[in-house]
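> With the input below, show me the fold.
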Amino acid sequence: MILAMAGQKGGAGKSTLAIHLAAEWHRQGRRVLLVDADSQGTALTWAEVAAERDIPAPAVIALGDNLRAQLPGLADAYEITVIDTPGRAGKRQAHALLVADLALLPCGPSTPDVWSLGPSLEVLEEIRSLRPELYAALVLNRRTHTAEGRAAREALEGTGLPVLAAELGARVAFSEALAAGLGVTTYA
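Here you go, the predicted structure:
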């Protein structure tokens, strides 16, 4: 399975979600490849921290604009491949979606976060016109139990894509775990 974290908005939680999912599947004994396609290199830096502390981590590689050509052959050696895409709807994100089986689009808990999904949903629809088998879902990130958080979920449900029941709360443990080179389920 190839899973792409997608979405135009930087700061939505793509890197955090990609790293923590890959780390958890690795902890469970799965063969996992984490692909850092984001020039910020968050997944690569996290892997370096884990290696410096002798913490077991999934395989992490960087791929750029040739992701579409390079990844399918590399992914064959793994049960799960997770792609962390850049925070803009560009070539790398489109290429990730073209090779993915599943796309998750994280979204913050505010109305402006939901509004920023528009261009990402357009790119997703273009890709799905070429690959209708691509499954996509939204995941609410940094969810707070406020009226704004409830309104964000309702707005996401109006996009036409499934919204996962699982949500990520606004917990400092997510960033602390990254700084420690761990997955959040091991950290906290």
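> So which bits of the lowest-mean-pLDDT helix or strand in the chain are buried?
Ranking every helix and strand in the chain by mean pLDDT, DSSP states H and E puts helix 147-157 at the bottom, with a mean of 76. Within helix 147-157, the residues that count as buried by 16 or more other Cβ atoms under 10 Å are Gly149, Ala152, Arg153, Ala155, Leu156. C-beta coordinates here come from the backbone N, C-alpha and C atoms, glycine included.
> name the helices or strands packed onto that helix?
The contact analysis (3 or more Cβ pairs under 8 Å, 6 or more residues apart in numbering; DSSP states H and E) places helix 147-157 against helix 111-115, strand 135-140.
> got the CA positions of stretch 171-183 in PDB?
Extracted C-alpha coordinates of stretch 171-183, given in PDB (Å, rounded to 0.1, in the frame of the first residue of the first chain):
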ATOM      1  CA  ARG A 171      -1.300  17.700  21.800                       C
ATOM      2  CA  VAL A 172       2.300  18.800  22.400                       C
ATOM      3  CA  ALA A 173       3.300  15.100  22.500                       C
ATOM      4  CA  PHE A 174       3.300  15.000  18.700                       C
ATOM      5  CA  SER A 175       6.000  17.600  18.400                       C
ATOM      6  CA  GLU A 176       7.900  16.400  21.500                       C
ATOM      7  CA  ALA A 177       8.000  12.900  20.100                       C
ATOM      8  CA  LEU A 178       9.500  14.100  16.800                       C
ATOM      9  CA  ALA A 179      12.200  16.000  18.600                       C
ATOM     10  CA  ALA A 180      13.000  12.800  20.500                       C
ATOM     11  CA  GLY A 181      13.200  10.700  17.300                       C
ATOM     12  CA  LEU A 182      10.200   8.700  18.400                       C
ATOM     13  CA  GLY A 183       6.700   7.900  17.200                       C
END
